[in-house]
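A.B. asks: everything below, folded, please.
(chains A and B)
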Amino acid sequence: AQTVTQSQPEMSVQEAETVTLSCTYDTSESDYYLFWYKQPPSRQMILVIRQEAYKQQNATENRFSVNFQKAAKSFSLKISDSQLGDAAMYFCAYRSGGNEKLTFGTGTRLTIIP
Amino acid sequence: DAGITQSPRHKVTETGTPVTLRCHQTENHRYMYWYRQDPGHGLRLIHYSYGVKDTDKGEVSDGYSVSRSKTEDFLLTLESATSSQTSVYFCAISEGGLAGGNEQFFGPGTRLTVL
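C.D. replies: Numbering: from 1, shown residues only, chains lettered A, B, ... in the order given. Next comes the predicted model:
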């Protein structure tokens, strides 16, 4: 079974600075998708960014970008110009290309220091 | 926002009582999912459905059953609630299909407390 590991339970960053959240995964498959979800205090799960394993180019969505290292099975999220609204739990998730089920990591709580 | 509602949003019940949580979608998506969220565990899949009357187990399905008699509704039942089922429960939906990488849209969650 696939596993997703987020080794940083908590992170903090100064407002306007850059922070990187780590995620590693274990799989023997070649076709899969990776996601970062954000969960603010409202508890709503919000998709931040997705990456298809077959794409070499790292995904980018405005201030959010990923560093996808397929050989190392690493999928980190970089948040640039951190804003107070970025404070949330961030979950890394894996989905096999062969099914629709998501496997989540345990999350990283990000605090933004004004 | 995807049209997903969950009811109830909060519930307190006693050990041994049956509990049913409802997820309702207005998106006509094929796939529906139930997750539970616990500290230190992230979200874990309980059951999912890939069509009306078509369901399958996730990684933490013991003690839970599901039903889907209509495309828009997916019910999660705890036949006899236990304190270990105290959790926040999320419903999610996705289109599924060959496109791949389909986003799962999540409902607002239900906080269940079993005393």
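A.B. asks: what's the longest strand seen in chain B in contact with?
C.D. replies: For chain B, the strand with the greatest residue count under DSSP state E is strand B:42-51. Contacts to strand B:42-51, defined as CB atoms under 8 Å, 6 or more residues apart in numbering or on different chains, come from residues A:4, A:6, A:45, A:91, A:100-107, B:30-38, B:55-61, B:64-66, B:68, B:71, B:74, B:76, B:89-90, B:96. Bear in mind the C-beta positions are built from the backbone N, C-alpha and C, glycine included.
A.B. asks: and A:Val48, how far is that from A:Lys78?
C.D. replies: 11 Å (CB to CB, to the nearest Å).
A.B. asks: ok so, going back, the longest strand of chain B: partners in the sheet, and parallel or antiparallel?
C.D. replies: Sheet pairing here is set by DSSP bridges, and for strand B:42-51 it gives strand B:31-38 (antiparallel), strand B:54-57 (antiparallel).
A.B. asks: want to throw the ones you listed into CSV with mean pLDDT and mean neighbour count?
C.D. replies: Output for these, formatted as CSV (pLDDT from 0 to 100; neighbours: other CB atoms under 10 Å in any protein chain shown):
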stretch, mean pLDDT, mean neighbour count
strand B:31-38, 96, 24
strand B:54-57, 94, 14
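A.B. asks: can those strands go into TSV with extra columns for distance to B:His47?
C.D. replies: Converted to TSV, the strands paired with strand B:42-51 look like this (distance: least, CB to CB, whole Å):
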stretch	distance to B:His47
strand B:31-38	5
strand B:54-57	6
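A.B. asks: up against chain A, what does chain B have?
C.D. replies: B:31, B:33, B:40-45, B:48, B:50, B:58-59, B:88, B:90, B:92, B:94, B:96, B:100-104, B:106, B:108-109 (CB under 8 Å from any CB of the partner chain).
A.B. asks: try it again at 7 Å.
C.D. replies: Proximity of chain B to chain A, by CB under 7 Å from any CB of the partner chain, involves residues B:31, B:40-43, B:45, B:48, B:58, B:90, B:94, B:96, B:100-101, B:103-104, B:106, B:108-109.
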